[in-house]
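Trainee: A structural model of the following input is requested.
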Amino acid sequence: MPPLSRLLSINKSDEPPRRERRKEARPGELLGAALDLFVEKGFAATRAEEVAARAGVSKGTLFLYFPSKEELFKAVVRESITGRFNEWNAEFESFEGSTGDMLRYCMNTWWERIGATKASGITKLMMSEASNFPELAIFYQQEVMTPAHQLIGRVLQRGIDRGEFRQIDMAYAIFSVIAPLTFLVMWKHSLGACQPIGLPALVPEQYIASQVDMLLHGLSVRPTNENPKK
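Mentor: Numbering: from 1, shown residues only. Next comes the predicted model:
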């Protein structure tokens, strides 16, 4: 039988080092901690050492994966928002219902996957801090705003091509879809604290249903005998 020291050596060598055991999980922990702090404190006020401490690692470990706070923020956006566009575009291709149903599905799905999650706070962060960080503003425009506009444009164009929606100013129609969703985010992360006393609470799902109803009535094809001035 090998001596005890030999057995301890064998057991120790068979067990992966702690760093290797956590290697795959650590980036996710860092991104989760960073998202929490960015939403809670904003980009400028969040310090790298705070992110590392919340994730339970050293500041050096944080910079091993993300060389700067800017790169960490970009990774958070890609992980929590940008990565959704591939699945949304795939769902667009396979959707079989009316375009009105598709628009309703898109807005509700956005709320479920982004709006109702902590990631929605990134929108408020960008609205308040983009002018101070132009590089991040350009990044957010490229990674989030442009794909979002393109996807919504595809939905609206589908309705036009199928004769369900009338001809519209596409650029501003896209903003008409984005605006109520942006309002929901701002309400959730700031304006919600100013809820007027005596008025019913804003229920996101009901609010989206109301917005879709108004959008569709404005987009629907009018009967040929209808007086457009009425």
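Trainee: For this structure, which segments are assigned as helices?
Mentor: Using DSSP state H, the helices of the chain run over 4-14, 18-21, 25-41, 48-55, 59-65, 69-77, 84-94, 99-110, 121-129, 134-140, 146-161, 170-189, 204-219.
Trainee: L30 - nearest residue in space that isn't next to it in sequence?
Mentor: Spatially, and ignoring its direct neighbours in sequence, L30 is nearest to A55 (4.8 Å; C-beta to C-beta, 6 or more residues apart in numbering). For every residue, glycine as well, the C-beta is placed using N, CA and C.
Trainee: quick one: the one you found and A33 touch, right?
Mentor: Yes - with contacts counted by C-beta atoms under 8 Å, A55 reaches A33, the gap being 4.1 Å.
Trainee: hmm, back to that, I'd like the helices of the chain laid out as TSV, including mean neighbour count and mean pLDDT.
Mentor: Shown next, in TSV, are the helices of the chain (neighbours: other C-beta atoms under 10 Å; pLDDT from 0 to 100):
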stretch	mean neighbour count	mean pLDDT
helix 4-14	9	45
helix 18-21	10	41
helix 25-41	18	91
helix 48-55	18	94
helix 59-65	15	92
helix 69-77	19	97
helix 84-94	12	94
helix 99-110	19	96
helix 121-129	19	95
helix 134-140	15	96
helix 146-161	17	97
helix 170-189	16	94
helix 204-219	15	91
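Trainee: could you redo those helices as JSON lines and give each row distance to G198?
Mentor: Shown next, in JSON lines, are these (distance: least, C-beta to C-beta, whole Å):
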{"stretch": "helix 4-14", "distance to G198": "67"}
{"stretch": "helix 18-21", "distance to G198": "56"}
{"stretch": "helix 25-41", "distance to G198": "30"}
{"stretch": "helix 48-55", "distance to G198": "39"}
{"stretch": "helix 59-65", "distance to G198": "47"}
{"stretch": "helix 69-77", "distance to G198": "38"}
{"stretch": "helix 84-94", "distance to G198": "37"}
{"stretch": "helix 99-110", "distance to G198": "28"}
{"stretch": "helix 121-129", "distance to G198": "26"}
{"stretch": "helix 134-140", "distance to G198": "37"}
{"stretch": "helix 146-161", "distance to G198": "35"}
{"stretch": "helix 170-189", "distance to G198": "17"}
{"stretch": "helix 204-219", "distance to G198": "18"}
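Trainee: To Q195, which of those helices lies closest?
Mentor: Checking the helices of the chain against Q195 by C-beta to C-beta gives helix 170-189 as the closest, at 8.8 Å.
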